[in-house]
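Engineer: Need coordinates for the below:
(one chain, ligands or ions: 1)
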Amino acid sequence: MARAFSKDEIEEFFTRLQNQMPEPKTELQSLNPYTLLVAVVLSAQATDKSVNKATAPLFRIADTPEKMVALGEEKLTGYIRTIGLYRTKAKNVIALSKQLLERHGGQVPRRREELEALAGAGRKTANVVLNVAFGERTIAVDTHIFRVCNRTNLAPGKNPLAVELALEKKVPEKFKLHAHHWLILHGRYTCVARKPLCPTCVVSDLCRFKDKTRDGAPIRKLAAAQRGRARR
Ligand code: SF4
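Structural biologist: Here you go, the predicted model:
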């Protein structure tokens, strides 16, 4: 079994990710907490890029629960049909918009239980909304974070909840606000699923992965993505 990270190593791990990406941001585009919530619900089993492509025109005409309900399920389906599971997601977005109007005066609630009770939203959705919209120190575990935490042995766990709870315990408070984004971007651009770019990885010497790769392109994509966000 791989050796667990020491406190100093965890500190070093996040310090290096922080130095590499001082201001990490979500790649999902949104205009307000409501559109963020919708974007996160739409992003389940879909790429952020595909969601952004669909939501850019959608949010121009429906950026509040009232407008989304007025748009209706059929028209909404037309906007999001390029995203996987779009029929179910359209139903959920209309349902959650009605729930927001009925239960929360049209506002996105700030309490985890209330967020998780919305149609199509689960723990991951609640964590992203709490973190991005309300600045809370939650760490949502998606497929990238799950892979990075198990591969490196930073916070191993059999399922996303186990990894989240391990991160919750291990990540120093000062890194918690951005930990989700650092890990997700690291997994998306460097510690990629099929062939991680270990030679250019800033935490390679700390990582416990046994099958590190020996060749890998420079992390141009990450740099480009960071520049793109800076311009937006
Ligand atoms: S060394 Fe390789 S496996 Fe380890 S975190 Fe970096 S990219 Fe991932």
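Engineer: Could the C-alpha coordinates of stretch 24-43 be exported in PDB?
Structural biologist: What follows is the C-alpha trace of stretch 24-43 in PDB, where atoms were taken according to Å, rounded to 0.1, in the frame of the first residue of the first chain:
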ATOM      1  CA  PRO A  24      -8.400  29.100 -10.200                       C
ATOM      2  CA  LYS A  25     -11.900  29.500 -11.500                       C
ATOM      3  CA  THR A  26     -14.700  27.200 -12.500                       C
ATOM      4  CA  GLU A  27     -14.800  26.700 -16.300                       C
ATOM      5  CA  LEU A  28     -18.600  26.600 -16.200                       C
ATOM      6  CA  GLN A  29     -20.000  30.000 -17.300                       C
ATOM      7  CA  SER A  30     -22.800  31.600 -15.400                       C
ATOM      8  CA  LEU A  31     -24.300  35.000 -14.700                       C
ATOM      9  CA  ASN A  32     -25.600  34.600 -11.100                       C
ATOM     10  CA  PRO A  33     -26.200  31.900  -8.500                       C
ATOM     11  CA  TYR A  34     -29.300  30.600 -10.400                       C
ATOM     12  CA  THR A  35     -27.500  30.200 -13.700                       C
ATOM     13  CA  LEU A  36     -24.600  28.600 -11.900                       C
ATOM     14  CA  LEU A  37     -27.000  26.100 -10.300                       C
ATOM     15  CA  VAL A  38     -28.600  25.300 -13.700                       C
ATOM     16  CA  ALA A  39     -25.100  24.900 -15.400                       C
ATOM     17  CA  VAL A  40     -24.000  22.500 -12.700                       C
ATOM     18  CA  VAL A  41     -27.100  20.400 -13.100                       C
ATOM     19  CA  LEU A  42     -26.600  20.300 -16.800                       C
ATOM     20  CA  SER A  43     -23.000  19.400 -16.500                       C
END
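Engineer: how about the residues of this protein near the ligand?
Structural biologist: When proximity is defined by C-beta under 6 Å from any ligand atom, the chain lies next to the ligand at 151-152, 190-191, 196-198, 201, 203-204, 207, 209, 212. Bear in mind the C-beta positions are built from the backbone N, C-alpha and C, glycine included.
Engineer: please redo it, this time with the cut-off set to 5 Å
Structural biologist: Residues of the chain lying near the ligand by C-beta under 5 Å from any ligand atom: 152, 191, 196, 198, 201, 204, 207, 209, 212.
Engineer: Could you turn the buried ones of the residues you listed into a PyMOL selection?
Structural biologist: The following PyMOL line selects those of these that are buried, judged by 16 or more other C-beta atoms under 10 Å:
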select buried, resi 152+191+196+198+201+204+207+209
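Engineer: any idea how far Gln18 lies from Pro199?
Structural biologist: Between Gln18 and Pro199 the computed distance is 21 Å (C-beta to C-beta, to the nearest Å).
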